[in-house]
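S.K.: after the sequence you'll find the predicted model.
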Amino acid sequence: MERQRLDKWLWHARVVKARSSAAALVEAGHVRVNGVRETAPGHAVKSGDVLTIGLDRSIRLLKVIGFAERRGDAAAARVLYADLQQRQQ
């Protein structure tokens, strides 16, 4: 798999608890893909894309590095992205 729907990827990466929450987050304009605001939950993300996600008064900066067929546990979710904020600290 080289691409995946944005809402599905956010759910698989455990950024949100439900896929409907992921779709609502994107539709509300709280997600940027490579610096460009995205409002379509079906937008395809690919490996290497950088996502800026506004969540509960905080911002997460994640680089997409993998995809999953199914939603796994937290350890499985961590291999789907690189947290770019941890590198800066």
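M.R.: Sure, I can see it.
S.K.: quick one: contacts of the helix or strand that contains Gly54?
M.R.: Here Gly54, judged by DSSP states H and E, is contained in strand 50-55. Defining contact as CB atoms under 8 Å, 6 or more residues apart in numbering, one finds that strand 50-55 is touched by 10, 15, 25, 30-35, 45, 59-64, 81, 84. C-beta here means a position set from N, CA and C on the backbone, and glycine is covered the same way.
S.K.: in it, which residues are buried?
M.R.: Residues of strand 50-55 classed as buried by neighbour count (16 or more other CB atoms under 10 Å): 50-53.
S.K.: with distance to Gly72 and pLDDT as new columns, can those be given to me in JSON lines?
M.R.: Converted to JSON lines, the buried residues of strand 50-55 look like this (distance: CB to CB, whole Å; pLDDT from 0 to 100):
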{"residue": "Val50", "distance to Gly72": "23", "pLDDT": "97"}
{"residue": "Leu51", "distance to Gly72": "19", "pLDDT": "97"}
{"residue": "Thr52", "distance to Gly72": "24", "pLDDT": "97"}
{"residue": "Ile53", "distance to Gly72": "20", "pLDDT": "96"}
